[in-house]
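Chemist: Sequence and computational prediction follow.
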Amino acid sequence: MKRRLTEEDRTALAAIVGPERALFGASISEDYAHDEMERVRSFPEALLRANSAEEVAKILAYCNAERIPVVPRGAGTGLVGGAVAVQGGVMLDLTSMNRIRALDAENMTVTVEPGVLLMELAAYVEARGFLYPPDPGEKTATIGGNISTNAGGMRAVKYGVTRDYVLSLTVVLADGTIETFGAQTVKNSSGYSIKDLLVGSEGTLGVIVSATLRLIPKPQACISMLAGFASFSDAIAAVPKLIGSGTEPTAVEFLTRRVIELTEEYLGRPFPRFEGDAALLFTFDGSEEAEVEKRMERAAELCLKEGAIDCYFVDTDERTDAVWKARGAFLEAIKASAGQMDEGDVVVPRAEITAFVERLAAISAESGLRVEYFGHAGDGNLHVYFCRDGLAESEWDARLSRAFDALYAHAAELGGTVSGEHGIGYAKQQALRARIGAGQMALMRRIKQAFDPNGILNPDKICYETEVLP
Amino acid sequence: MRIIVCIKQVPGTNNVLLDPETGTMLRSSAKGKLNPFDLFAIEQALALRACFGGSVTALAMGPAQAESSLREALYMGADKAYLLCDRALIGSDVLATSHALSQAILRIGMPDLILCGKQTTDGDTAQVGPEIAEMLGIAHVANVTQIEAHSGGALHVTAALEGCDCQYRLEPPFLACMEKDANTPRLPSYRRKKEMEAQSVQLLPLSNLMDADPAHYGMQGSPTRVVRVFAPEHKETRRFLEGSAQAMAEAMLGILKEEKIV
């Protein structure tokens, strides 16, 4: 279906949004040729900054009739090449649709446009006594992007992921019609849940122009605790017991001494001392401080019983800052040590994390690439980084491909899957096929076909496996 | 090496209510926390104890609820804790506070080293530490970033002054005020908390001090008269620049220079 934009297309598209918000060819910044996974690169032919659902509808109606690919894009913070115009065409920049429409305090919902940033949403609802629980690390991502990838984050252990908080979505379909899926209700058993299908569909089925999200009352107290263990496996072994203990941790992260040392070097600042080679970092929240402290101490007691050397309280702004700032810098610290790296976001059943990490050592040895990792012990989602460390391009590509194949194969053997929270995008389609098989991939394509018969919406993503880029 | 660390409980947040009549802080309006600057002093004391042996004693002056901050010092690793607590101390200014703390230190027993945080986050005077040292007639150094062993029982002290580091060789006893971020303070330990459950924080009333004359403490002993206390106005100003990109960039640079930001 690929065809180049003509002068006529450019005129028609510019007329929809106005010349100020329509960029073509060389006037499009290089930033729009990739997301944060910089290896997938391709320029769109047009960049249109839509400002309303009506504009989005007109753009899609035109592009559908003319068979022009359309790639919706938020802040471009994705990690799988999802918002890259691999077939050229139109990139639909939704970041200026960033209005918070309404906060319904009685129904505890907020209705937002897709370009609202996660940090803006958090600040807005928290100032009004509410919490939007999903908290992916990338706070400058848009909520539209979060919904499109079903983003997770650290609080998933207690609160779940983005999909659990999307009540309804207003979406422009490929032909330009506007539909609202789901409802602003707590319960809904009304036919196929297309709303849930749209969450995580990475812009391949429709363009989200408005979302109503569920909120909860903002917890009044939130404290963290660090538990030091002699080894990584000791730390991970304690996790299922902690999760099942009724102490209700909001987050359970694991930290290895190795990544902490890289971070200390990167930040030029020592991490608070703890005994052991690995640690679990918990947070607990609730409506009353005394009750939260009680749960934290029960968890501390349980950690000691499960072999922790000691537990430490992270209970003031300064301590929270010292510990969580370091946790927040892990990714950058590994990046700084590696020059270039590529990331896997595999997820395995919680109880299999140790087995999986043991296999990482083998993958590293076999592929000849240094591997670093950290992640969410509470939900089995590991962030695994393969480091380039100055390797020549061809060697790096070859080793990386071997390493990723092995990574996904091992995750699958342990009952895990390709992506916990980043999505499939362009880069992980082969891995997805290897995991779910050709039959399920074909079923996904039939769903895609039903939504987008002309295949204009974010083509070649999720379930196509076509290698359109060199 | 015997070390006394002077600590203070300060309001847990910046949103503190003031008594509109007296202008004094309503301490009960905010949950207290250990003064963040004091954490660096406690960490330095524990590091020196690990190096030389000896003991670390935490000392605070304040109301009964300040005990929780002393307990925090115990959970971080301090061996003992004293709370100087007496109604007669209410309203003490920096002079009366320094006198009271120096008296408490003499009562506990003169140590080899006294450590303080550089300042507190509520009073922000940074005067109490040096004044304690003056009252005890010992040397003192402020803005200290490092204390290490030196030959012959002396200590090597580094202080960060504006634009340069100063190195001192000091014989104990002396007092040092620790600079912010001089180290990474350790976190309070749960094991330590369990071990310390039976340990009580020792109360020091005024009557236990050598100078027990109430006229030297509290409002009476404080020459400072606070004329007025008021909450700072939170002012956000916003200016819009217009013109070409070049003109706006130049105007912005002018403003940044004017405000001494660049």
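Modeler: Okay, I see it. Numbers count the residues shown, from 1 in each chain, chains lettered A, B, ... in the order given.

Chemist: A:I100 and A:G145, how far apart?
Modeler: Distance of A:I100 to A:G145, given as CB to CB, to the nearest Å: 16 Å. Just so you know, the C-beta spots here come from the backbone N, C-alpha and C atoms, and that holds for glycine as well.

Chemist: Pick out whichever of these two has more residues nearby.
Modeler: A:G145 (32 against 15; other CB atoms under 10 Å in any protein chain shown).

Chemist: can I assume the more buried one is in contact with A:V80?
Modeler: No - with contact defined as CB atoms under 8 Å, A:G145 does not reach A:V80; the gap is 11.5 Å.

Chemist: Leaving out chain neighbours, which residue sits closest to the residue in the stretch 1-150 of chain B positioned nearest to chain A?
Modeler: Chain A sits closest to B:P36 of the stretch 1-150 of chain B, with a gap of 4.7 Å, by CB to the nearest CB. Excluding the flanking residues, the one nearest B:P36 by CB to CB, 6 or more residues apart in numbering or on different chains is A:E318, at 4.7 Å.

Chemist: can you give me phi and psi for that neighbour?
Modeler: phi -60, psi -40 (degrees, to the nearest 10).

Chemist: same thing with the one 3 residues further on?
Modeler: A:D321 has phi and psi values of phi -60, psi -50 when expressed as degrees, to the nearest 10.

Chemist: again with A:S201
Modeler: The phi/psi pair for A:S201 (degrees, to the nearest 10) is phi -90, psi 0.

Chemist: So it versus A:G144, what's the distance?
Modeler: In terms of CB to CB, A:S201 sits 12 Å off from A:G144.

Chemist: Identify the contacts common to the two.
Modeler: Common neighbours of A:S201 and A:G144 (criterion: CB atoms under 8 Å, 6 or more residues apart in numbering or on different chains): none identified.

Chemist: Would you tell me which residues of the stretch 151-262 of chain B are close to chain A?
Modeler: B:D181, B:N183, B:T184, B:P185, B:R186, B:L187, B:P188, B:S189, B:Y190, B:R191, B:R192 (CB under 8 Å from any CB of the partner chain).

Chemist: do that again at 7 Å, thanks
Modeler: B:T184, B:R186, B:L187, B:P188, B:S189, B:Y190, B:R191 (CB under 7 Å from any CB of the partner chain).

Chemist: Can you report how many residues neighbour the fifth one?
Modeler: Residue neighbour count, defined by other CB under 10 Å, stands at 24 for B:S189.

Chemist: Looking at chain B, which helix is longest?
Modeler: helix B:36-52 (DSSP state H).

Chemist: Please look at A:E45 and A:G88 and confirm they touch.
Modeler: Yes - here A:E45 reaches A:G88: they are 4.8 Å apart, a contact under CB atoms under 7 Å.

Chemist: other SSEs contacting the longest helix seen in chain A?
Modeler: Assignment by DSSP H gives helix A:429-451 as the longest helix of chain A. When contacts are defined as 3 or more CB pairs under 7 Å, 6 or more residues apart in numbering or on different chains; DSSP states H and E, helix A:429-451 sits against helix A:393-413.

Chemist: Check for me that A:K58 belongs to a helix.
Modeler: Yes - assigned with DSSP: H, G, I helix; E, B strand; the rest coil, A:K58 falls within a helix.

Chemist: Wait, it touches A:I16, no?
Modeler: Yes - using CB under 7 Å, A:K58 is in contact with A:I16, at 4.7 Å.

Chemist: Residues that sit against both of the two, list them.
Modeler: Residues touching both A:K58 and A:I16 by CB atoms under 7 Å, 6 or more residues apart in numbering or on different chains: none at all.

Chemist: where's the residue of the stretch 101-250 of chain A at minimum distance from chain B, which helix or strand?
Modeler: Among the residues of the stretch 101-250 of chain A, A:L226 lies nearest to chain B; the distance is 6.4 Å by CB to the nearest CB. According to DSSP states H and E, A:L226 maps onto strand A:221-229.

Chemist: Equivalent analysis for A:I236, please.
Modeler: helix A:232-243.

Chemist: Any buried residues in that helix, and which?
Modeler: Buried residues in helix A:232-243, counting neighbours by 16 or more other CB atoms under 10 Å in any protein chain shown, are found at A:F232, A:S233, A:D234, A:A235, A:I236, A:A237, A:A238, A:V239, A:P240, A:L242, A:I243.

Chemist: and the residue positioned nearest the centre of chain B, what pLDDT?
Modeler: Nearest to the mean C-alpha position of chain B, by CA atoms, centre = their mean, lies B:G117 at 3.8 Å. B:G117 carries a pLDDT value of 95.

Chemist: same deal with B:V16?
Modeler: Value listed for B:V16 in the pLDDT field: 64.

Chemist: Show the contacting residues for residue 57.
Modeler: Just going to use chain A. So, once contact is read as CB under 7 Å, 6+ apart, A:A57 ends up touching A:V172, A:G176, A:I178.

Chemist: actually chain B
Modeler: With CB under 7 Å, 6+ apart, B:T57 has these contacts: B:I4, B:A78, B:D79, B:K80, B:Y82, B:I108.

Chemist: so is the fifth one in a helix, a strand, or just coil?
Modeler: Applying three-state DSSP to B:Y82 yields a three-state assignment of strand.

Chemist: What's the separation between it and B:G221?
Modeler: 20 Å.

Chemist: Please apply the same query to the third one.
Modeler: Separation of B:D79 from B:G221 (CB to CB) stands at 31 Å.

Chemist: of those two, who's got more company?
Modeler: Taking other CB under 10 Å, B:D79 and B:G221 do not tie; B:G221 has more neighbours (21 against 17).
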